[in-house]
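Trainee: Would you be able to build a 3D model of this:
(one chain, ligands or ions: 2)
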Amino acid sequence: MFKGQNKHTVVRALGAMSGTSLDGVDAAVVETDGQVIQSFGATAYRGYCEEEQAVLTQALGHWSGAEADAAAAVIEAAHAEVLSGFQDAELVGFHGQTLAHEPRGRGTCQVGDGQALAEALGVPVVWDFRSADVELGGEGAPLAPFFHFACAKWCGATEPVVFLNLGGVGNITWVDPRKSVPEDEGALLAFDTGPANAPLNDMLRARRGLAFDEGGKVAAEGTVATGALELFLQEAYFSRMPPKSLDRNDFPEMMELVRELSDEDAAATMTAMCAAAVAQGMGHCPEAPSRVLVTGGGRLNPVLMEMLRVSLDCPVVPVEEVGLDGDMLEAQAFAYLAVRVARGLPTSCPSTTGVMALVGGGTVSEPEG
Ligand SMILES: Nc1ncnc2c1ncn2[C@@H]1O[C@H](COP(=O)(O)OP(=O)(O)OP(=O)(O)O)[C@@H](O)[C@H]1O
Ligand SMILES: CC(=O)N[C@H]1[C@@H]2OC[C@@H](O2)[C@@H](O)[C@@H]1O[C@H](C)C(=O)O
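Mentor: Numbers count the residues shown, from 1 in each chain. Ligands and ions are numbered 1, 2, ... in the order given. Have a look, this model is predicted:
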(Lines give C-alpha, C1' and ligand atoms only; values in the text may rest on other atoms or scores of the structure.)
(Ligands and ions follow the chains in the order given, each with its own letter.)
Protein backbone atom coordinates (compact mmCIF):
# COMPACT_ATOMS: atom_id res chain seq x y z
CA MET A 1 0.00 0.00 0.00
CA PHE A 2 1.09 3.58 -0.70
CA LYS A 3 3.87 2.37 -3.03
CA GLY A 4 6.49 4.99 -3.79
CA GLN A 5 5.64 6.97 -0.68
CA ASN A 6 8.04 7.57 2.18
CA LYS A 7 6.98 7.38 5.81
CA HIS A 8 6.33 11.13 5.94
CA THR A 9 3.99 11.27 2.96
CA VAL A 10 0.68 12.64 4.15
CA VAL A 11 -2.37 10.41 3.62
CA ARG A 12 -5.95 11.66 3.41
CA ALA A 13 -7.69 9.18 5.69
CA LEU A 14 -11.38 8.85 6.46
CA GLY A 15 -12.35 7.47 9.87
CA ALA A 16 -15.71 6.15 11.05
CA MET A 17 -16.97 5.36 14.52
CA SER A 18 -20.23 3.94 15.79
CA GLY A 19 -20.03 4.34 19.56
CA THR A 20 -21.65 2.74 22.58
CA SER A 21 -24.52 5.26 22.60
CA LEU A 22 -25.84 3.56 19.44
CA ASP A 23 -27.01 6.90 18.05
CA GLY A 24 -25.26 6.87 14.66
CA VAL A 25 -22.06 6.86 12.62
CA ASP A 26 -19.56 9.73 12.86
CA ALA A 27 -17.20 10.12 9.91
CA ALA A 28 -14.25 12.49 9.55
CA VAL A 29 -11.19 13.12 7.39
CA VAL A 30 -7.69 13.60 8.81
CA GLU A 31 -4.58 14.35 6.79
CA THR A 32 -1.59 12.76 8.49
CA ASP A 33 1.55 10.72 8.00
CA GLY A 34 0.46 8.64 11.01
CA GLN A 35 2.49 10.76 13.40
CA VAL A 36 1.80 14.46 12.94
CA ILE A 37 -1.70 15.75 12.21
CA GLN A 38 -1.42 18.00 9.19
CA SER A 39 -5.08 19.02 9.05
CA PHE A 40 -8.62 18.03 9.84
CA GLY A 41 -11.06 17.74 6.91
CA ALA A 42 -14.73 17.20 6.18
CA THR A 43 -17.06 15.46 8.62
CA ALA A 44 -20.48 13.78 8.39
CA TYR A 45 -22.98 12.10 10.68
CA ARG A 46 -25.54 9.43 9.80
CA GLY A 47 -28.01 8.72 12.60
CA TYR A 48 -29.69 5.35 13.08
CA CYS A 49 -33.46 5.15 12.72
CA GLU A 50 -35.53 3.51 15.48
CA GLU A 51 -35.53 0.11 13.72
CA GLU A 52 -31.76 0.13 13.26
CA GLN A 53 -31.26 1.14 16.88
CA ALA A 54 -33.51 -1.71 17.97
CA VAL A 55 -31.46 -4.22 15.95
CA LEU A 56 -28.21 -2.92 17.46
CA THR A 57 -29.59 -2.87 21.01
CA GLN A 58 -30.89 -6.42 20.58
CA ALA A 59 -27.43 -7.57 19.47
CA LEU A 60 -25.51 -6.17 22.46
CA GLY A 61 -23.82 -9.01 24.31
CA HIS A 62 -24.04 -11.39 21.32
CA TRP A 63 -20.69 -12.63 19.99
CA SER A 64 -22.19 -14.35 16.94
CA GLY A 65 -25.49 -15.68 15.64
CA ALA A 66 -28.55 -14.10 14.06
CA GLU A 67 -28.58 -10.99 16.28
CA ALA A 68 -24.91 -10.22 15.61
CA ASP A 69 -25.38 -10.84 11.87
CA ALA A 70 -28.35 -8.48 11.74
CA ALA A 71 -26.33 -5.81 13.57
CA ALA A 72 -23.42 -6.30 11.13
CA ALA A 73 -25.78 -5.75 8.19
CA VAL A 74 -27.04 -2.47 9.72
CA ILE A 75 -23.49 -1.31 10.42
CA GLU A 76 -22.18 -2.15 6.94
CA ALA A 77 -25.08 -0.46 5.13
CA ALA A 78 -25.00 2.69 7.29
CA HIS A 79 -21.23 3.03 6.89
CA ALA A 80 -21.29 2.43 3.11
CA GLU A 81 -23.97 5.12 2.85
CA VAL A 82 -22.21 7.83 4.83
CA LEU A 83 -18.65 7.05 3.68
CA SER A 84 -19.55 7.00 -0.02
CA GLY A 85 -20.33 10.71 0.31
CA PHE A 86 -16.59 11.44 0.70
CA GLN A 87 -14.88 11.62 -2.68
CA ASP A 88 -11.15 11.72 -2.16
CA ALA A 89 -10.17 9.48 0.77
CA GLU A 90 -7.09 7.31 0.18
CA LEU A 91 -7.69 5.05 3.17
CA VAL A 92 -10.60 4.29 5.50
CA GLY A 93 -10.40 3.49 9.23
CA PHE A 94 -13.51 1.50 10.18
CA HIS A 95 -14.10 0.79 13.87
CA GLY A 96 -17.41 -1.07 13.49
CA GLN A 97 -19.83 -1.56 16.37
CA THR A 98 -18.76 -3.10 19.66
CA LEU A 99 -21.33 -5.72 20.64
CA ALA A 100 -19.38 -7.29 23.48
CA HIS A 101 -16.13 -6.60 25.27
CA GLU A 102 -14.55 -9.01 27.77
CA PRO A 103 -10.79 -8.59 27.31
CA ARG A 104 -10.04 -10.99 30.17
CA GLY A 105 -12.60 -13.50 29.01
CA ARG A 106 -14.06 -14.10 25.60
CA GLY A 107 -12.24 -11.19 23.94
CA THR A 108 -13.73 -8.25 22.11
CA CYS A 109 -16.32 -8.17 19.34
CA GLN A 110 -16.81 -5.39 16.81
CA VAL A 111 -19.18 -6.17 13.95
CA GLY A 112 -19.01 -4.90 10.38
CA ASP A 113 -16.92 -6.52 7.64
CA GLY A 114 -14.06 -4.30 6.46
CA GLN A 115 -13.52 -6.32 3.28
CA ALA A 116 -17.15 -5.76 2.25
CA LEU A 117 -16.75 -2.05 2.96
CA ALA A 118 -13.53 -1.91 0.90
CA GLU A 119 -15.42 -3.46 -2.06
CA ALA A 120 -18.34 -1.05 -1.62
CA LEU A 121 -16.10 2.04 -1.46
CA GLY A 122 -13.24 0.97 -3.76
CA VAL A 123 -10.73 2.16 -1.12
CA PRO A 124 -8.49 0.14 1.26
CA VAL A 125 -10.10 -0.26 4.67
CA VAL A 126 -8.33 -0.78 7.99
CA TRP A 127 -10.54 -2.52 10.57
CA ASP A 128 -10.55 -4.96 13.52
CA PHE A 129 -8.39 -2.54 15.48
CA ARG A 130 -8.81 -4.16 18.90
CA SER A 131 -8.26 -7.95 18.54
CA ALA A 132 -4.45 -8.02 18.30
CA ASP A 133 -4.12 -5.99 21.48
CA VAL A 134 -6.45 -8.33 23.39
CA GLU A 135 -4.62 -11.38 22.03
CA LEU A 136 -1.39 -9.96 23.45
CA GLY A 137 -2.90 -9.51 26.91
CA GLY A 138 -4.19 -5.94 26.50
CA GLU A 139 -7.60 -4.48 27.27
CA GLY A 140 -8.16 -3.69 23.57
CA ALA A 141 -9.41 -0.26 24.68
CA PRO A 142 -9.15 2.66 24.80
CA LEU A 143 -7.41 3.10 21.45
CA ALA A 144 -7.82 6.83 20.96
CA PRO A 145 -4.81 7.68 23.23
CA PHE A 146 -2.15 7.62 20.47
CA PHE A 147 -4.36 10.05 18.56
CA HIS A 148 -4.86 12.18 21.69
CA PHE A 149 -1.07 12.47 21.91
CA ALA A 150 -1.00 13.85 18.35
CA CYS A 151 -3.89 16.20 19.22
CA ALA A 152 -2.00 17.56 22.22
CA LYS A 153 0.94 18.35 19.91
CA TRP A 154 -1.42 19.77 17.26
CA CYS A 155 -2.95 22.22 19.72
CA GLY A 156 0.45 23.29 21.04
CA ALA A 157 0.13 21.93 24.59
CA THR A 158 3.37 22.18 26.55
CA GLU A 159 2.18 20.71 29.87
CA PRO A 160 0.27 17.50 30.64
CA VAL A 161 -3.39 17.54 29.64
CA VAL A 162 -6.21 15.04 30.03
CA PHE A 163 -8.64 14.16 27.27
CA LEU A 164 -11.90 13.03 28.82
CA ASN A 165 -14.35 11.28 26.50
CA LEU A 166 -17.93 11.21 27.80
CA GLY A 167 -19.78 8.92 25.41
CA GLY A 168 -21.81 5.91 26.48
CA VAL A 169 -18.76 4.88 28.52
CA GLY A 170 -16.23 7.39 29.92
CA ASN A 171 -12.50 7.23 29.29
CA ILE A 172 -9.49 9.42 29.98
CA THR A 173 -6.10 9.82 28.38
CA TRP A 174 -3.42 11.64 30.36
CA VAL A 175 -0.89 12.99 27.85
CA ASP A 176 2.57 14.43 28.46
CA PRO A 177 3.29 16.50 25.32
CA ARG A 178 6.88 17.08 26.48
CA LYS A 179 7.61 13.56 25.20
CA SER A 180 8.41 13.27 21.52
CA VAL A 181 6.35 10.23 20.51
CA PRO A 182 3.40 8.46 22.18
CA GLU A 183 5.34 5.24 22.67
CA ASP A 184 7.91 7.05 24.88
CA GLU A 185 7.90 5.89 28.50
CA GLY A 186 5.59 8.16 30.53
CA ALA A 187 3.96 9.84 27.52
CA LEU A 188 0.48 8.36 28.10
CA LEU A 189 -1.80 6.81 30.67
CA ALA A 190 -5.29 5.78 29.56
CA PHE A 191 -8.30 3.82 30.79
CA ASP A 192 -12.08 3.74 30.98
CA THR A 193 -13.30 5.70 34.01
CA GLY A 194 -16.75 4.13 34.32
CA PRO A 195 -20.18 4.37 32.78
CA ALA A 196 -20.94 7.80 31.29
CA ASN A 197 -24.16 8.52 29.37
CA ALA A 198 -25.35 5.00 28.48
CA PRO A 199 -27.08 4.07 31.77
CA LEU A 200 -28.65 7.55 32.05
CA ASN A 201 -29.95 7.26 28.48
CA ASP A 202 -31.34 3.77 29.19
CA MET A 203 -33.09 4.94 32.36
CA LEU A 204 -34.70 7.96 30.65
CA ARG A 205 -35.74 5.92 27.63
CA ALA A 206 -37.40 3.31 29.85
CA ARG A 207 -39.13 5.78 32.14
CA ARG A 208 -39.89 8.72 29.86
CA GLY A 209 -39.28 7.64 26.28
CA LEU A 210 -36.42 10.16 26.02
CA ALA A 211 -33.26 9.39 24.04
CA PHE A 212 -31.09 11.32 26.53
CA ASP A 213 -31.13 14.14 29.09
CA GLU A 214 -30.78 17.05 26.70
CA GLY A 215 -28.95 19.97 28.32
CA GLY A 216 -29.10 18.06 31.62
CA LYS A 217 -32.64 19.42 32.08
CA VAL A 218 -34.03 16.42 33.96
CA ALA A 219 -30.98 16.11 36.25
CA ALA A 220 -31.07 19.85 36.96
CA GLU A 221 -34.49 19.39 38.62
CA GLY A 222 -33.30 16.56 40.87
CA THR A 223 -31.21 15.97 43.96
CA VAL A 224 -28.30 13.53 44.14
CA ALA A 225 -29.00 10.53 46.38
CA THR A 226 -25.69 10.40 48.24
CA GLY A 227 -26.29 6.90 49.66
CA ALA A 228 -26.74 5.44 46.16
CA LEU A 229 -23.69 7.34 44.95
CA GLU A 230 -21.54 5.97 47.77
CA LEU A 231 -22.70 2.41 47.12
CA PHE A 232 -21.88 2.84 43.43
CA LEU A 233 -18.35 4.02 44.24
CA GLN A 234 -17.71 0.83 46.20
CA GLU A 235 -17.62 -1.12 42.92
CA ALA A 236 -14.30 -2.97 42.70
CA TYR A 237 -13.64 -1.48 39.26
CA PHE A 238 -12.87 1.95 40.70
CA SER A 239 -10.03 0.81 42.92
CA ARG A 240 -8.47 -1.36 40.19
CA MET A 241 -5.22 0.09 38.85
CA PRO A 242 -5.29 1.18 35.20
CA PRO A 243 -5.09 0.31 32.36
CA LYS A 244 -8.63 -1.10 32.48
CA SER A 245 -11.65 -1.06 30.22
CA LEU A 246 -15.39 -1.63 30.29
CA ASP A 247 -18.25 -2.94 28.24
CA ARG A 248 -21.31 -0.72 27.76
CA ASN A 249 -23.53 -2.65 30.17
CA ASP A 250 -20.98 -3.57 32.85
CA PHE A 251 -22.83 -1.74 35.65
CA PRO A 252 -26.40 -3.14 35.65
CA GLU A 253 -26.67 -2.41 39.39
CA MET A 254 -26.77 1.33 38.63
CA MET A 255 -30.38 0.95 37.54
CA GLU A 256 -31.17 -0.88 40.80
CA LEU A 257 -29.55 1.85 42.88
CA VAL A 258 -31.88 4.53 41.45
CA ARG A 259 -35.02 2.37 41.09
CA GLU A 260 -36.91 3.96 44.00
CA LEU A 261 -35.94 7.54 43.07
CA SER A 262 -38.02 10.04 41.08
CA ASP A 263 -36.99 10.51 37.44
CA GLU A 264 -35.27 13.80 38.32
CA ASP A 265 -33.40 12.42 41.33
CA ALA A 266 -32.43 9.31 39.36
CA ALA A 267 -31.04 11.48 36.53
CA ALA A 268 -29.15 13.72 38.97
CA THR A 269 -27.74 10.68 40.78
CA MET A 270 -26.66 8.89 37.58
CA THR A 271 -25.05 12.08 36.30
CA ALA A 272 -23.20 12.39 39.61
CA MET A 273 -22.11 8.73 39.31
CA CYS A 274 -20.50 9.50 35.96
CA ALA A 275 -18.70 12.58 37.36
CA ALA A 276 -17.59 10.75 40.51
CA ALA A 277 -16.17 7.87 38.47
CA VAL A 278 -14.11 10.40 36.50
CA ALA A 279 -12.94 12.10 39.70
CA GLN A 280 -11.83 8.72 41.11
CA GLY A 281 -10.02 7.96 37.87
CA MET A 282 -8.20 11.27 37.86
CA GLY A 283 -6.46 10.15 41.05
CA HIS A 284 -4.47 7.69 38.94
CA CYS A 285 -2.84 10.44 36.82
CA PRO A 286 0.94 10.53 37.30
CA GLU A 287 0.88 14.33 37.54
CA ALA A 288 -2.00 16.83 37.79
CA PRO A 289 -2.94 17.96 34.26
CA SER A 290 -3.00 21.65 33.32
CA ARG A 291 -6.58 21.10 32.18
CA VAL A 292 -9.17 18.52 31.26
CA LEU A 293 -10.34 18.70 27.64
CA VAL A 294 -13.78 17.13 27.38
CA THR A 295 -14.98 15.40 24.23
CA GLY A 296 -18.07 13.30 23.39
CA GLY A 297 -21.73 14.09 23.94
CA GLY A 298 -21.40 14.52 27.71
CA ARG A 299 -19.61 17.84 27.21
CA LEU A 300 -22.99 19.21 26.07
CA ASN A 301 -24.56 18.40 29.45
CA PRO A 302 -24.03 21.48 31.68
CA VAL A 303 -25.06 19.61 34.85
CA LEU A 304 -22.40 16.97 34.25
CA MET A 305 -19.78 19.60 33.33
CA GLU A 306 -20.52 21.55 36.52
CA MET A 307 -20.22 18.42 38.66
CA LEU A 308 -16.84 17.75 37.07
CA ARG A 309 -15.69 21.32 37.66
CA VAL A 310 -16.65 21.07 41.33
CA SER A 311 -14.87 17.77 41.86
CA LEU A 312 -11.66 18.26 39.84
CA ASP A 313 -8.82 20.59 40.82
CA CYS A 314 -8.11 21.96 37.36
CA PRO A 315 -9.98 23.73 34.55
CA VAL A 316 -12.52 21.51 32.75
CA VAL A 317 -13.32 22.72 29.23
CA PRO A 318 -14.79 21.28 26.03
CA VAL A 319 -12.16 20.35 23.40
CA GLU A 320 -13.55 23.14 21.21
CA GLU A 321 -11.57 25.45 23.50
CA VAL A 322 -8.36 24.22 21.80
CA GLY A 323 -9.85 24.09 18.30
CA LEU A 324 -10.86 20.39 18.21
CA ASP A 325 -14.29 18.97 17.35
CA GLY A 326 -15.81 17.09 20.29
CA ASP A 327 -18.41 15.38 18.10
CA MET A 328 -15.80 13.94 15.76
CA LEU A 329 -12.74 13.12 17.82
CA GLU A 330 -13.34 9.35 17.83
CA ALA A 331 -13.96 9.19 14.06
CA GLN A 332 -10.80 11.25 13.57
CA ALA A 333 -8.95 8.86 15.90
CA PHE A 334 -9.75 5.89 13.65
CA ALA A 335 -8.68 7.84 10.54
CA TYR A 336 -5.37 8.59 12.26
CA LEU A 337 -4.95 5.02 13.57
CA ALA A 338 -5.67 3.62 10.09
CA VAL A 339 -2.65 5.47 8.74
CA ARG A 340 -0.53 4.20 11.62
CA VAL A 341 -1.61 0.62 10.85
CA ALA A 342 -0.87 1.07 7.15
CA ARG A 343 2.58 2.44 8.02
CA GLY A 344 3.35 -0.34 10.52
CA LEU A 345 3.35 2.03 13.50
CA PRO A 346 2.04 0.92 16.93
CA THR A 347 -1.49 1.84 18.03
CA SER A 348 -1.33 0.82 21.71
CA CYS A 349 1.25 0.26 24.43
CA PRO A 350 1.42 -1.03 28.03
CA SER A 351 0.25 2.28 29.54
CA THR A 352 -2.80 2.64 27.27
CA THR A 353 -4.21 -0.89 27.24
CA GLY A 354 -1.96 -2.92 29.54
CA VAL A 355 -0.69 -4.90 26.54
CA MET A 356 2.69 -6.60 27.02
CA ALA A 357 4.54 -4.58 24.37
CA LEU A 358 3.88 -2.06 21.63
CA VAL A 359 1.15 -3.34 19.32
CA GLY A 360 0.03 -2.26 15.88
CA GLY A 361 -3.42 -3.81 15.62
CA GLY A 362 -5.78 -3.67 12.67
CA THR A 363 -6.38 -5.60 9.46
CA VAL A 364 -5.94 -3.98 6.06
CA SER A 365 -8.44 -5.02 3.36
CA GLU A 366 -7.84 -3.92 -0.22
CA PRO A 367 -10.74 -3.80 -2.68
CA GLU A 368 -10.41 -6.76 -5.06
CA GLY A 369 -12.61 -5.55 -7.88
N1 LIG B 1 -27.11 18.26 24.18
C2 LIG B 1 -26.85 17.23 24.99
N3 LIG B 1 -27.16 17.31 26.31
C4 LIG B 1 -26.92 16.28 27.15
N5 LIG B 1 -26.36 15.12 26.75
C6 LIG B 1 -26.03 14.99 25.45
C7 LIG B 1 -26.25 16.03 24.50
N8 LIG B 1 -25.82 15.61 23.30
C9 LIG B 1 -25.36 14.35 23.48
N10 LIG B 1 -25.49 13.97 24.78
C11 LIG B 1 -25.16 12.67 25.37
O12 LIG B 1 -24.03 12.13 24.70
C13 LIG B 1 -24.36 10.85 24.14
C14 LIG B 1 -23.62 10.65 22.84
O15 LIG B 1 -22.25 10.78 23.09
P16 LIG B 1 -21.19 10.26 22.03
O17 LIG B 1 -21.70 10.48 20.68
O18 LIG B 1 -19.90 10.85 22.45
O19 LIG B 1 -21.24 8.71 22.38
P20 LIG B 1 -20.58 7.48 21.64
O21 LIG B 1 -19.46 7.93 20.77
O22 LIG B 1 -21.68 6.68 21.04
O23 LIG B 1 -20.02 6.65 22.88
P24 LIG B 1 -18.55 6.02 23.21
O25 LIG B 1 -17.57 7.14 23.24
O26 LIG B 1 -18.78 5.40 24.56
O27 LIG B 1 -18.31 5.01 22.15
C28 LIG B 1 -25.86 10.88 23.94
O29 LIG B 1 -26.40 9.57 23.92
C30 LIG B 1 -26.30 11.68 25.16
O31 LIG B 1 -26.39 10.86 26.29
C1 LIG C 1 -14.56 -1.83 23.50
C2 LIG C 1 -14.98 -0.47 23.06
O3 LIG C 1 -15.55 -0.31 22.00
N4 LIG C 1 -14.68 0.54 23.87
C5 LIG C 1 -15.01 1.93 23.57
C6 LIG C 1 -16.09 2.42 24.53
O7 LIG C 1 -16.45 3.78 24.24
C8 LIG C 1 -15.66 4.63 25.05
C9 LIG C 1 -14.74 3.69 25.78
O10 LIG C 1 -15.55 2.51 25.84
C11 LIG C 1 -13.45 3.37 24.99
O12 LIG C 1 -12.72 2.45 25.73
C13 LIG C 1 -13.74 2.74 23.61
O14 LIG C 1 -13.82 3.64 22.53
C15 LIG C 1 -12.86 4.63 22.24
C16 LIG C 1 -13.12 5.17 20.88
C17 LIG C 1 -11.41 4.19 22.31
O18 LIG C 1 -11.10 3.04 22.01
O19 LIG C 1 -10.58 5.03 22.62
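Trainee: OK, contacts around residue 296?
Mentor: By Cβ atoms under 8 Å, 6 or more residues apart in numbering, residue 296 lies in contact with 19, 165-167, 196-197, 326, 329-330. C-beta here means a position set from N, CA and C on the backbone, and glycine is covered the same way.
Trainee: elements contacting the one helix or strand residue 163 maps to?
Mentor: Using DSSP states H and E, the element containing residue 163 is strand 161-166. Judged by 3 or more Cβ pairs under 8 Å, 6 or more residues apart in numbering; DSSP states H and E, strand 161-166 is in contact with helix 145-154, strand 169-175, helix 263-282, strand 292-295, helix 329-342.
Trainee: Would the helix or strand just after the last one count as contacting ligand 2?
Mentor: In this case it means helix 329-342. Next along the chain after helix 329-342, taking DSSP H and E as the criterion, comes helix 350-353. No: contact between helix 350-353 and ligand 2 is absent, the nearest approach being 8.7 Å (criterion: Cβ under 6 Å from any ligand atom).
Trainee: what element comes up after helix 350-353 heading to the C-terminus?
Mentor: Following helix 350-353 in sequence order, the next helix or strand is strand 363-365 (DSSP H and E).
Trainee: And the contacts of that following strand?
Mentor: 1, 114-115, 117-118, 124-128, 341-342.
Trainee: For residue 31, name its beta-bridge partners.
Mentor: residue 12, residue 39 (DSSP bridges).
Trainee: so how many other residues sit close to it?
Mentor: By the measure other Cβ atoms under 10 Å, the count of residues near residue 31 is 18.
Trainee: I'd assumed residue 286 was in contact with residue 189.
Mentor: Yes: taking contacts as Cβ atoms under 8 Å, residue 189 lies within contact range of residue 286: 6.2 Å.
Trainee: Now do the shared contacts for these two.
Mentor: residue 174.
Trainee: Looking at these two, which has the bigger crowd around it?
Mentor: More crowded of residue 189 and residue 286, by other Cβ under 10 Å: residue 189, with 21 against 12.
Trainee: Unless I misread the structure, the more buried one falls within a helix.
Mentor: No: read with DSSP: H, G, I helix; E, B strand; the rest coil, residue 189 is strand and lies in no helix.
Trainee: Show me which residues of this structure sit near ligand 2.
Mentor: Contact residues, the chain versus ligand 2 (Cβ under 6 Å from any ligand atom): 19-20, 98, 101, 108, 141-144, 165, 167, 169, 171, 192, 245, 330.
Trainee: could you pick out which of the residues you listed are near ligand 1?
Mentor: Okay, of these touching ligand 1 (Cβ under 6 Å from any ligand atom), that's 19-20, 165, 167, 169, 330.
Trainee: OK, now which residue of the stretch 151-300 of the chain is nearest to ligand 2?
Mentor: Relative to ligand 2, the nearest point of the stretch 151-300 of the chain is residue 169 (3.5 Å; Cβ to the nearest ligand atom).
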